[in-house]
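Peer 1: What follows is a predicted structure for the sequence shown.
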Amino acid sequence: MQNFKTLKEFFIQYKWKYALGVLWLLIVDLAQLLVPQILRTITNLLEAGELTNQDLVKYCFYMIMAGLFIGVGRYFWRIYINGTSRQLEYYLRNKLFNHLQTLSTNYFNKHKTGDLMAHATNDVNAVRMALGPGIVMLTDAFFITLSTIYAMIRTANLRLTLIALLPLPFLAFMVMKFGKMIHGRFKNVQDAFSKLTDKVQENFAGVRVIKSFVQEEKEIGKFTDSNQHNFKMNIDLIKVWGAFSPLIQFISAISFLIVIWYGGMAVINNEISLGDFIALNSYIALLVWPIMAIGWVINIFQRGIASMERLNSIFNEKPEIVDAENPLELDNINGDIEYKNVSFKYPGSSNYALKNISIKVKSGNTLAIIGRTGSGKTTLVNLLIRLYDIDEGSILVDGNDLKNISLITLRENIGYVPQESFLFSTSISENIGFSFEEEIDEERIIKASRLSELYNNVVEFPQGFNTILGERGVTLSGGQKQRTSIARAIIKYPGILILDDSLSAVDTQTEERILENLREIMKSRTTIIISHRISTIKNADEIIVLDNGEIVERGKHEVLVGLGGIYKNIYEKQLLEDKIQNLL
Ligand SMILES: Nc1ncnc2c1ncn2[C@@H]1O[C@H](COP(=O)(O)OP(=O)(O)OP(=O)(O)O)[C@@H](O)[C@H]1O
């Protein structure tokens, strides 16, 4: 039950709805208890030959009224309890999504998307079941059982009631035994489903790679294994569950048998009337449901607790990157950047991704970064947007330690174009205006798209800027996707613009035009360009060459060519490639 503490706020807010629901449920249960009493009276009158037509009409009317009452009552408890549990589902899913949004990138490196999706669907659902239908069954199991036993004792006698209820302790024992097994197997089912979802998600996301490497068969095989495992875990659960339900029914049927046997004998011996016998039978029939419900309740609560445990482990996860105590809220950032002796290892890694990095970039200047793959270029900019925090050295922006600037100020003032252009499945204009909460002028969208040399392409689409992109923007070419990402970053005129290999899919003439446009708007701002192409970075104010996490060369293009090191090497290779290209 400790696990449900996370939902305290919700319970406080909705306690009256739950209370009303339970109240209606109790009223219905009471009305149900009246029916055997009416039957008993009718039978007794019949047996005594005293039942008149008028009595018959009266008792039938009572039965109809009880039925109506039960029907109306059921409607209300469903609205209050099940309706509130749907509200809980909504609340929990929102809470989960909001919390996940606060977590740092590193959390998403460690946890698979499929797993998180399973939490948001299966686990939330299991908690809803526990706190909706579970509560109904718990109330019923408790209240009907007690009140029915009380009514049985009053109708017949203690001895007969006790004999009829003899199988109950055995039932409780079985329920406990099975409950444990069900809990374990249900957890396995949840895990298997997570893995399956993950496999499906990864396959669909990577469908182009799978097809181009002709790996469909292998992937189908892997999926089948995962599906088979999921199936097996479900079967394992069904096996226990399948034995559990009939066993409970069997045990309750024994109670029936006892009532018929001993009750019949009691009628013969004139210990109880025929009406009492009929009522006892009806009570046992009434008891079957709560006895069954005990099993269900245990099962549903076991599942709910297991799922809440899993959800709590996410809720307990703290974001690694957080604001300082009194963070600086700046109106804007000019773009003076300084890295002072920065060294960095990724969490869990023993190798340095960056070693002793010192850089100074003045606002209005362009810094370019080049180097072999894996040399630390992306890491360098990841630190500037605080996707990770550093332990060694410091980074200053406009003279302030990065950690003291509020994350919102920092990120709102940085325009970041990542290496992989991720676009959302909405229109092009919504993708470009992504950083704005309100809808923005078409003029601004057009201007940003002109600056990123995307405009001419988009106007050729029949729907223009309203063109809806498929998942991951498949309706656009690689270069168009990159330029949409650039438009998305520059539309907010950021103090710092970061292009992480963002022109690699654009031809050199277009690239030249984009850089020219950017030079114009970034005059009083800072630009950081990462590239493998010399043509992209040759006009930068400073170029640094990274190798194995260290700056090995730095300076302007001409200086670096003069050094005769890695930069010159890359430059000459690219010149040669261009010459060969021109010859073809
Ligand atoms: N999340 C991570 N966890 C652990 N190590 C990482 C992580 N991301 C990157 N690395 C490692 O850090 C090093 C630098 O990676 P980085 O992405 O900065 O290289 P890069 O120069 O941008 O490469 P590329 O040109 O291929 O984009 C690499 O050795 C890489 O394996």
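Peer 2: Sure, I can see it. Just so we're clear, the structure is a prediction, and the values are computed from it rather than from any experiment. Residues are numbered from 1 along each chain as shown.

Peer 1: so what are the domain limits for the chain?
Peer 2: Domain ranges of the chain: 9-315, 332-413+496-584, 421-493, per automatic domain parsing.

Peer 1: where does the stretch 51-200 of the chain come near the ligand, residue by residue?
Peer 2: Remark: the part of the stretch 51-200 of the chain in contact with the ligand comprises Asn109, using C-beta under 6 Å from any ligand atom. C-beta coordinates here come from the backbone N, C-alpha and C atoms, glycine included.

Peer 1: so where does the closest residue to Phe11 other than its chain neighbours fall, helix or strand?
Peer 2: Distances taken as C-beta to C-beta, 6 or more residues apart in numbering place Tyr18 nearest to Phe11, at 7.5 Å, with adjacent residues excluded. For Tyr18, the element it lies in under DSSP states H and E is helix 8-47.

Peer 1: can you give me the strands for the stretch 201-350 of the chain?
Peer 2: For the stretch 201-350 of the chain, the strands defined by DSSP state E, counting those that start in this stretch cover 337-345.

Peer 1: Indicate the residue of it located nearest to the ligand.
Peer 2: Residue of the stretch 201-350 of the chain nearest the ligand, by C-beta to the nearest ligand atom: Tyr346 (3.2 Å).

Peer 1: What is the burial count for that residue?
Peer 2: Number of residues near Tyr346 (other C-beta atoms under 10 Å) recorded here: 15.

Peer 1: start at 62 instead
Peer 2: Okay, using 62 as the starting number, the last item reads as Tyr407.

Peer 1: could you point out where this protein is predicted with low confidence?
Peer 2: 62, 233, 353, 532-535, 643-645 (pLDDT under 70).

Peer 1: Around the ligand, pick out the residues from it.
Peer 2: Counting by C-beta under 6 Å from any ligand atom, the chain sits next to the ligand at 170, 407, 410, 414, 432, 434-440, 480.

Peer 1: Secondary structure added to the residues you listed, as CSV?
Peer 2: Below are the residues of the chain next to the ligand laid out as CSV (DSSP: H, G, I helix; E, B strand; the rest coil):
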residue, secondary structure
Asn170, helix
Tyr407, coil
Ser410, coil
Ala414, strand
Gly432, strand
Thr434, coil
Gly435, coil
Ser436, coil
Gly437, coil
Lys438, helix
Thr439, helix
Thr440, helix
Gln480, coil
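
Peer 1: Rebuild these as JSON lines, extending it with distance to Thr587.
Peer 2: Listed next are the residues of the chain next to the ligand as JSON lines, based on distance: C-beta to C-beta, whole Å:
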{"residue": "Asn170", "distance to Thr587": "28"}
{"residue": "Tyr407", "distance to Thr587": "25"}
{"residue": "Ser410", "distance to Thr587": "29"}
{"residue": "Ala414", "distance to Thr587": "23"}
{"residue": "Gly432", "distance to Thr587": "20"}
{"residue": "Thr434", "distance to Thr587": "25"}
{"residue": "Gly435", "distance to Thr587": "25"}
{"residue": "Ser436", "distance to Thr587": "22"}
{"residue": "Gly437", "distance to Thr587": "20"}
{"residue": "Lys438", "distance to Thr587": "17"}
{"residue": "Thr439", "distance to Thr587": "18"}
{"residue": "Thr440", "distance to Thr587": "19"}
{"residue": "Gln480", "distance to Thr587": "19"}
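
Peer 1: and those residues, which two are the farthest apart?
Peer 2: Within those, two members stand farthest from each other by C-beta to C-beta: Asn170 and Gly432, at 22.4 Å.

Peer 1: okay, the two: which has more neighbours?
Peer 2: Gly432 (24 against 11).

Peer 1: List the contacts of the more buried one.
Peer 2: Lys438, Val606, Leu607, Asp608, Ile627 (C-beta atoms under 8 Å, 6 or more residues apart in numbering).

Peer 1: Which members of those residues occur in strands, if any?
Peer 2: Applying DSSP state E to the contacts of Gly432, the entries found in strands are Val606, Leu607, Asp608.

Peer 1: List the contacts of Ile589.
Peer 2: Ile398, Val422, Thr427, Leu428, Ala429, Ile430, Val442, Leu445, Ile557, Leu558, Ile559, Leu560.

Peer 1: try 10 Å this time
Peer 2: 396, 398, 420, 422, 426-430, 438, 441-442, 445, 475, 477, 557-561, 601 (C-beta atoms under 10 Å, 6 or more residues apart in numbering).

Peer 1: Please indicate which of those are buried?
Peer 2: 396, 398, 420, 422, 426-430, 438, 441-442, 445, 475, 477, 557-561, 601 (16 or more other C-beta atoms under 10 Å).

Peer 1: do you know how far Thr104 is from the ligand?
Peer 2: For Thr104, the distance to the ligand equals 77 Å [C-beta to the nearest ligand atom, to the nearest Å].

Peer 1: Leaving out the residues flanking it, which one is nearest to that residue?
Peer 2: In space, and not counting its chain neighbours, Thr104 is closest to Gly336: 3.8 Å by C-beta to C-beta, 6+ apart.

Peer 1: now Ile355
Peer 2: Ala202 (4.9 Å).

Peer 1: and that neighbour, what does it touch?
Peer 2: Counted by C-beta under 10 Å, 6+ apart, Ala202 has contacts Trp350, Pro351, Ile352, Met353, Ala354, Ile355, Gly356, Trp357, Val358, Ile359.

Peer 1: Helix, strand, or coil at it?
Peer 2: Classified using three-state DSSP, Ala202 is helix.

Peer 1: Equivalent analysis for Ile589, please.
Peer 2: Applying three-state DSSP to Ile589 yields a three-state assignment of strand.

Peer 1: For it, give the beta-bridge partners.
Peer 2: Leu428, Ile559 (DSSP bridges).
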